[in-house]
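A.B. asks: Whatever this is, show me its structure:
(one chain, ligands or ions: 2)
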Amino acid sequence: MQKKPLLDIHTHTLMSGHAYSTLRENIEEASRVGLKVLGTSEHSSMIPGAPKQIYFVNFKVIPKEIDGVRLYNGIEANIYDENGSIDVEERTVSKVDYIIASLHLPCIKNMGPVNNTKALIGAAKNPAVTVIGHPDDSRFPIDIDELAAAAAEYHTALELNNSSLNPLSSRVDAPENCRKMLEACKKYKTMVIMGTDSHICYDIGRFDRAMALLEETDFPEEQVINFDLDRLGYVLRK
Ligand SMILES: [Zn+2]
Ligand SMILES: [Zn+2]
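C.D. replies: Ligands and ions are numbered 1, 2, ... in the order given. So this is what the prediction gives:
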């Protein structure tokens, strides 16, 4: 796959509580590596050390573009029950550009494959949610076929998370789970977005492992949001 990723919307700054760069450092790196779009998606409030909801309602002070990089402000929400409820207040929803919804261990326990899948589908069905983050972790086993079909139906993208594919990641079986996810996404024509899930500026825009997997699975280029700026709308709040 010769295509170049133009956007990265799963990134964190110091504000997430366990990440190590500032917004400015992330923007400078995005510009340096040639990204056209940088989205910042701090963890939502249930993660220890993450900002309270007030943090997410003042993004108007951030310029729309710096150093040739268009900036968007999202949030990585925590799914906290089997219905897919997320820890984002109503006032926050209208202030962010997009919401990634994810299962995170401090916020929810493994409920078993049936209820984990139900939770992710419930989140995908929420019109405020545009991306399901890292559905690739055997600590939260799911039926990926069911999720991919539902995500396509509700116009929600599934994330191919480059950090999950790092051997240092705490997520379990991600390479194998991501392969299955890509096969299911092919089958149901589900849109996929690569995310770096950067917790330090040096990871911004680095999609090496995700790109290798797209190549390996011969994944259709037109189903990958990162390769065309016209596809960005798919993951922005409707
Ligand atoms: Zn994090
Ligand atoms: Zn996450």
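A.B. asks: Then Arg179 would be within a helix, right?
C.D. replies: Yes - judged by DSSP: H, G, I helix; E, B strand; the rest coil, Arg179 forms part of a helix.
A.B. asks: Please give me every residue in contact with it.
C.D. replies: Counting by Cβ atoms under 8 Å, 6 or more residues apart in numbering, Arg179 touches Leu213, Glu216, Thr217. To be clear about C-beta, it is placed using only N, CA and C from the backbone, and glycine gets the same treatment.
A.B. asks: ranking the residues you listed by neighbours, who comes first?
C.D. replies: Neighbour counts for those peak at Leu213, which has 21 neighbours (criterion: other Cβ atoms under 10 Å).
A.B. asks: Quick check: closest non-adjacent residue to that residue.
C.D. replies: Spatial nearest neighbour of Leu213, excluding adjacent residues (Cβ to Cβ, 6 or more residues apart in numbering): Cys178 at 5.7 Å.
A.B. asks: Out of the contacts of Arg179, list just those in helices.
C.D. replies: Among the contacts of Arg179, DSSP state H puts Leu213, Glu216 in helices.
A.B. asks: Could you dump the contacts of Arg179 into CSV and include distance to Leu236 and pLDDT?
C.D. replies: CSV is the format used below for those (distance: Cβ to Cβ, whole Å; pLDDT from 0 to 100):
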residue, distance to Leu236, pLDDT
Leu213, 25, 98
Glu216, 29, 97
Thr217, 26, 97
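A.B. asks: So which of the contacts of Arg179 is the closest to ligand 2?
C.D. replies: Closest approach between those and ligand 2, by Cβ to the ion: Leu213, at 18.2 Å.
A.B. asks: My guess is that closest one contacts Leu165. True?
C.D. replies: Yes - with contact defined as Cβ atoms under 8 Å, Leu213 reaches Leu165; the gap is 6.8 Å.
A.B. asks: okay, and the common contacts of the two?
C.D. replies: Common contacts of Leu213 and Leu165 (Cβ under 8 Å, 6+ apart): Pro175, Cys178.
A.B. asks: Export the contacts of Arg179 to a markdown table and append columns for distance to ligand 2.
C.D. replies: Shown next, in a markdown table, are the contacts of Arg179 (distance: Cβ to the ion, whole Å):
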| residue | distance to ligand 2 |
| --- | --- |
| Leu213 | 18 |
| Glu216 | 24 |
| Thr217 | 22 |
